[in-house]
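In: coords below, sequence missing:
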């Protein structure tokens, strides 16, 4: 999701993963809301479903295809952008994951899959976003024909 500020600056919406692994980590860890394909599901349908499941907001088109990237672990991520907004004060709703933590302890706990979201300038988002996903920002900027002065 992206928006333009009153000053015309492009901002992108990204999410911080929940769970026990990344508390306090802020650089090269944020992500676009995304997830796994269900059996027989098309990538676009999965993207819409996962965005809503992860942040609690149903995306609304029109949509802009940003192609795909391959993450460090080998996972292929297909992405679409849409213009939208997140109301100030809107609570984050995220589905939960169940994890054995610490690993091998036999203790299971539930955490939100996403624990924070926000709009950031493209420059700030590039600092926070996983490196493998940064080309998606470049593609969005190119597709929107944003000049470097607006970033």
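Out: Nice, thanks for sending it over. Note that the structure is predicted; figures quoted are calculated from it, not measured.
In: please, where are all the strands along this protein?
Out: Secondary structure of the chain by DSSP state E: the strands cover 2-4, 10-17, 63-70, 76-82, 96-100, 108-112, 114-121.
In: pLDDT of the helix ranked longest in the chain, averaged?
Out: Longest helix in the chain by number of residues (criterion: DSSP state H): helix 43-55. Throughout helix 43-55, pLDDT has a mean value of 94.
In: contact partners of it?
Out: With Cβ atoms under 8 Å, 6 or more residues apart in numbering as the contact definition, helix 43-55 has outside contacts at 1, 15, 33-38, 41, 57-59, 63, 78-80, 92-95, 113-114, 117. All C-beta spots, glycine's among them, are computed from the backbone N, C-alpha and C.
In: please apply the same query to stretch 121-132.
Out: By Cβ under 8 Å, 6+ apart, stretch 121-132 touches 9-12, 14, 26-32, 69-72, 77, 120, 134, 137, 141, 146, 151.
In: how about it: buried residues?
Out: 122, 124, 125, 126, 128, 129, 130, 132 (16 or more other Cβ atoms under 10 Å).
In: make TSV out of those and add distance to residue 101 and pLDDT.
Out: Output for these, formatted as TSV (distance: Cβ to Cβ, whole Å; pLDDT from 0 to 100):
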residue	distance to residue 101	pLDDT
122	34	96
124	30	97
125	29	97
126	30	95
128	24	97
129	25	96
130	22	95
132	25	96
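In: great, nothing more from me.
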